[in-house]
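*Asks:* sequence and predicted structure are below.
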Amino acid sequence: MVRPIALRDRTLYRTAVIRHGNAKTDGLTPLFQAEEKFVLGETTTQRRKNMKRIGLLLTMTALAALLAAGTAAAEIKVGIMVPTTGSEATYGKDMENAIKMAVDEINAKGGVLGQKFTTFTGDDGCDPQMATAAASKIVSASVDAVVGGYCSGATLPTLKIYSDAAVPIVIPAANSTKFIDLNPGNAFLINSIGTYQVETAVGLFKKLGVKKIAIVHQGDGYSEDLASLTQKEWTKLGNEVVAFEVVNKGEQDHSALVTRIKSKAPELVFWTAYYADGALIIKQLRQGGFTGKIAVGDGSTDAKLMEIAGKAAEGVYALANPLPEFLGEGQKFIDAYKAKFKTSPGPYSALSYDGMYLLADAIKRAGSTDKKKVTAALKATQDFKGLSGPVTFTDKNLLSRSNFVVLVVKDGKFILAK
Amino acid sequence: MTILDIIIQQITNGLILGSFYSLVALGYSMVYGIIKLLNFAHGDIYMVGAFVGFILLSFFSTFLGDGWLGILPSMILAMTAVGFLGVIIQRIAYRPLLSAPRLSILITAVGVSLVLFNSVMFVTIGEYKAFPSGLGYEGITMGHVHITYTQMVMVGATAVLMIALHLFIAKTIYGKAMRAISIDMDACRLMGIDVNKIIALTFFVGSALAAAAGVMAGVYYGSIHFFMGFVIGLKAFTAAVIGGIGSIPGAMLGGLLLGLLESFGTQLPWIGTEWKDVFAFGLLILLLVFKPTGILGRTEIERM
């Protein structure tokens, strides 16, 4: 951020004024003029006053330093890296709240190793550049560990900064497949990476007992990946993908697609992209008399899907990240969260909450806040019981199994599929 | 599904799609015919129509239900309201430029389009809105072919609107005045025709038809958003050119042809549905090269 020149001038001017004790407030006197006054106009009393001020300031700084030193020994400092400004700020705030809630709960129970947690938030703004700045700030605040990372693109470049400082980071939301190769070893992902969804999807299709499926995507990186990976896995099992279709984003009329799909007679249609177009396709499939099953990827798991598709959405299967409302202990979490923050938890709140608890658990197991030991303890996590399911890491520090859940639409609402 | 099933189903699909294209194309053609303006804001008029219909139906559905009983008054009122919007746009943005070079007024039309869809985006925060109609999927099933009653009503309503428009143009004094202005505006002025009033009327009718298409699209597809007018605007323009821009039967024919072509083109086994737009715009290019006047268009005689 570059402040406008006028503003910077004003600050300079003000400091100058304060320094020589001349409280001239009207207009903007150029700096050099103020300095000139300082040299020419300062009296002994003014100087004495200034000395007193400096003395007071020094005492306060010393006190603050003492305070900081005194508490540092008994506290574990956790860095939180989430976007608190910009387009993703709501999600970031939801995550920060959940982490702080976990910290408060742990502290209320006496903390870990007799030490309490404090937090330090850095705003990554969902932007790679802001994120690296935030990470540097977090590292120089000498944190013991970090919980955070919502946007994959912003989180990836920070990994090196943390690994250089040997700081372990638990990532609750970001889930790009790029983490597999770019992870220096100190990052732990507790959200399933994108491709895990394929596993859950194929599992669902098997359970539904279908053989012939149609897959429709939207041509963007995310939905195409999901579609082609699902196709690969499905055909590997000896099943058939009778139609593999692409639709244009924002297209309203999908009647041609519906006829094409119907002519291939699949037992299930799998839509891998987002709800806005997904709802239209579901609606038009039903309008066109398609009676088979329909499943959608996590991009479509949104209340708007039912709102737009209406009755047609009934019985549609939807894959989703573990949202608190569908988890065993979830309701307790939602109630506590609502009571504390007067708002509903966001989609990644439960995972963030889990991330903080996982970190506390790892520090307990490590028996120290030594960063290397904590990292090793995180790596050794075995079936940690989080809200969103058990956590065990692979050798790439990814979840050992998919945490995606399968929902089904019933009476205009998503419920957990049996 | 047999080949015959697919053909019947695609004819239905094509007719539905074509109905929307035709209704919007009519507005393009009428305005072009009368003041030689390609009104690029016309697609956005369609979008505004859908949103006005959305607001009205949300209101009417509380006491008339979300079936046809609520949809019909919403549609008629939306047509009227958007018709007046068209007149206002014409008055503010186009009339002052009628004697300016054609390019100025064309650019103004693009500007109007931007203003319209950005305002709607601002009001709706860019969200998709679910159209509150509660029409079911009941219909006639013949083998694998399924045609809903809603689809039949859509095609029927389009036919009624087109016949009404045809009678209006062919039989009334206003229609006669429109046709006269499209031939020679200055002569009409000399003959005592209130040219500005007739131009305003043309905009009213064109915009009302687009609004009708917008409301029907909302009812049929179930979701509307601020950008829905863009693609259909281009498609309708293509339809108008196919039929011969300036010609009213041409716009009707062009829309239906384009709808059918898109439906059938995407059924070819080696071409996916994502090629739909390529068909439409490919045809536009071919037509502009080989028969720029369109199927029913007249060859323009340069008047000096």
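*Replies:* Perfect, I can see it now.

*Asks:* give the contact list for A:Lys364.
*Replies:* A:Val112, A:Leu113 (CB atoms under 8 Å, 6 or more residues apart in numbering or on different chains). All C-beta atoms are positioned from the backbone trio N, CA, C, and that covers glycine.

*Asks:* try A:Thr375
*Replies:* A:Ala166, A:Pro168, A:Gly185, A:Asn186.

*Asks:* what sits closest to the first one if chain neighbours are left out?
*Replies:* In this case it means A:Ala166. A:Lys371 (4.5 Å; CB to CB, 6 or more residues apart in numbering or on different chains).

*Asks:* the one you found against A:Ala145, yeah?
*Replies:* Yes. With contact defined as CB atoms under 8 Å, A:Lys371 counts as touching A:Ala145 (7.3 Å).

*Asks:* more neighbours: those two, which one.
*Replies:* A:Ala145 (25 against 18; other CB atoms under 10 Å in any protein chain shown).

*Asks:* what residues are up against the residue lying closest to that one once chain neighbours are set aside?
*Replies:* Leaving out its chain neighbours, the residue that sits closest to A:Ala145 by CB to CB, 6+ apart is A:Pro168, at 5.0 Å. By CB under 8 Å, 6+ apart, the residues touching A:Pro168 are A:Ala145, A:Val146, A:Tyr162, A:Asn186, A:Ala187, A:Phe188, A:Leu359, A:Ala362, A:Lys371, A:Val374, A:Thr375, A:Leu378.

*Asks:* in PyMOL, select just the buried ones from the contacts of A:Thr375.
*Replies:* Here is the PyMOL command that picks out the buried ones among the contacts of A:Thr375, judged by 16 or more other CB atoms under 10 Å in any protein chain shown:
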select buried, chain A and resi 168+186
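
*Asks:* how about stretch A:405-415, does it reach chain B?
*Replies:* No. Remark: stretch A:405-415 sits outside contact range of chain B, by CB under 8 Å from any CB of the partner chain, the gap being at least 11.4 Å.

*Asks:* for chain B, what's the nearest residue on the stretch 201-350 of chain A?
*Replies:* A:Gly289 (3.1 Å; CB to the nearest CB).

*Asks:* surely that residue meets B:Thr141?
*Replies:* Yes. Look at A:Gly289 against B:Thr141 with CB under 8 Å: they come within range, at 6.3 Å.

*Asks:* for whatever residue of chain B ends up closest to chain A, grab the count of nearby residues.
*Replies:* Chain A sits closest to B:His146 of chain B, with a gap of 3.1 Å, by CB to the nearest CB. B:His146 has 23 neighbouring residues, counting by other CB under 10 Å.

*Asks:* before we move on, the earlier item: show me which of A:Gly289 and B:Thr141 is the more surrounded one.
*Replies:* Shown here are A:Gly289 and B:Thr141; by other CB under 10 Å, A:Gly289 has more neighbours (17 against 11).

*Asks:* in a strand, that one, correct?
*Replies:* No. Secondary structure of A:Gly289 (DSSP: H, G, I helix; E, B strand; the rest coil): coil, not part of a strand.

*Asks:* just checking, next helix/strand downstream of the host helix or strand of A:Ala98?
*Replies:* Using DSSP states H and E, A:Ala98 sits within helix A:89-108. Next helix or strand after helix A:89-108 toward the C-terminus (DSSP H and E): strand A:116-123.

*Asks:* using PDB, write down the CA coordinates of that next one.
*Replies:* Extracted in PDB, the C-alpha atoms of strand A:116-123 (Å, rounded to 0.1, in the frame of the first residue of the first chain):
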ATOM      1  CA  LYS A 116      -2.100 -21.100  27.500                       C
ATOM      2  CA  PHE A 117      -2.500 -20.200  23.800                       C
ATOM      3  CA  THR A 118      -2.400 -16.700  22.400                       C
ATOM      4  CA  THR A 119      -3.100 -16.000  18.800                       C
ATOM      5  CA  PHE A 120      -1.700 -13.600  16.200                       C
ATOM      6  CA  THR A 121      -3.700 -13.000  13.000                       C
ATOM      7  CA  GLY A 122      -2.100 -12.200   9.600                       C
ATOM      8  CA  ASP A 123      -4.400 -11.200   6.800                       C
END
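
*Asks:* does the helix or strand harbouring B:Val115 reach chain A?
*Replies:* Assigned by DSSP H and E, B:Val115 falls within helix B:102-124. No. Judged by CB under 8 Å from any CB, helix B:102-124 makes no contact with chain A; its nearest approach is 12.6 Å.

*Asks:* what packs against that helix?
*Replies:* If contacts are counted by 3 or more CB pairs under 8 Å, 6 or more residues apart in numbering or on different chains; DSSP states H and E, helix B:102-124 sits against helix B:42-64, helix B:228-243.

*Asks:* list the buried residues for that helix?
*Replies:* Those would be B:Ile105, B:Leu106, B:Thr108, B:Ala109, B:Val112, B:Ser113, B:Leu116, B:Phe117, B:Val120, for helix B:102-124 by 16+ other CB under 10 Å.

*Asks:* what angle do it and helix B:228-243 make?
*Replies:* 150 degrees (axes from the mean of the first three to the mean of the last three CA atoms, to 10 degrees).

*Asks:* who's in contact with helix B:102-124?
*Replies:* The contact list for helix B:102-124, computed with CB under 8 Å, 6+ apart, reads B:35-41, B:43-45, B:47-48, B:51, B:89, B:93-94, B:97-98, B:225-227, B:229-230, B:233.
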